[in-house]
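S.K.: My questions are about this predicted structure, shown below with the sequence.
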Amino acid sequence: MQGFPAAPESVARYFDSMATHDWTAFRACLTDDFTRVGPYEEHAFPDPDAYVAFLARALPALESQRVEVTRVDRDGDIVHVEVTERVVLPGGTPSTVRVSGTFELAADGRIRFVEVFARRPRSEEL
């Protein structure tokens, strides 16, 4: 997440360890009372270990998955991050999804809460 000085260490590690599939480092970014919601009902996780297990199953199965952080804004313990995620769907169809996430940090700097929103890509982002 170079180039985004507003990104706290835990949020930068969240994306970096997700990209490298380092699930131990990823879990270390999250508090024990971590919760993630959105953008879909089946993507709500009230437990950090269940979320890590989901990602450990799902992400390695995605072909050519790339996440590019395009914006980071911070206001105290609230961090807003926008990303573009690109994958190749089964059958070889490329897909681009714009995602916006709000991260709430705990007092120790780890991530306590994430809410994710999917956005339609602009035509120039496809």
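M.R.: All right, it came through fine. In this text the structure is predicted, and so the values were computed from the model without any measurement.
S.K.: buried residues in the helix-or-strand element of the chain with minimal mean pLDDT?
M.R.: Here the helix or strand of the chain ranked lowest by mean pLDDT, DSSP states H and E is strand 63-75, holding a mean of 90. Across strand 63-75, burial judged by 16 or more other Cβ atoms under 10 Å covers Q65, V67, V69, V72, R74. Bear in mind the C-beta positions are built from the backbone N, C-alpha and C, glycine included.
S.K.: Make JSON lines out of the residues you listed and add distance to F117.
M.R.: JSON lines is the format used below for the buried residues of strand 63-75 (distance: Cβ to Cβ, whole Å):
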{"residue": "Q65", "distance to F117": "19"}
{"residue": "V67", "distance to F117": "15"}
{"residue": "V69", "distance to F117": "15"}
{"residue": "V72", "distance to F117": "15"}
{"residue": "R74", "distance to F117": "18"}
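S.K.: following the least confident helix or strand of the chain, which helix or strand shows up next?
M.R.: The first helix or strand that comes after strand 63-75 along the chain, using DSSP states H and E, is strand 78-88.
S.K.: What strands flank the very next helix or strand once past that next one, and is each parallel or antiparallel?
M.R.: The helix or strand immediately downstream of strand 78-88 is strand 94-105, counting by DSSP H and E. If you go by DSSP bridges, strand 94-105 pairs up with strand 78-88 (antiparallel), strand 111-119 (antiparallel).
S.K.: the inter-axis angle of strand 94-105 versus strand 63-75?
M.R.: Here strand 94-105 points in a direction 30 degrees away from that of strand 63-75 (axes from the mean of the first three to the mean of the last three Cα atoms, to 10 degrees).
S.K.: I appreciate the help and will end here.
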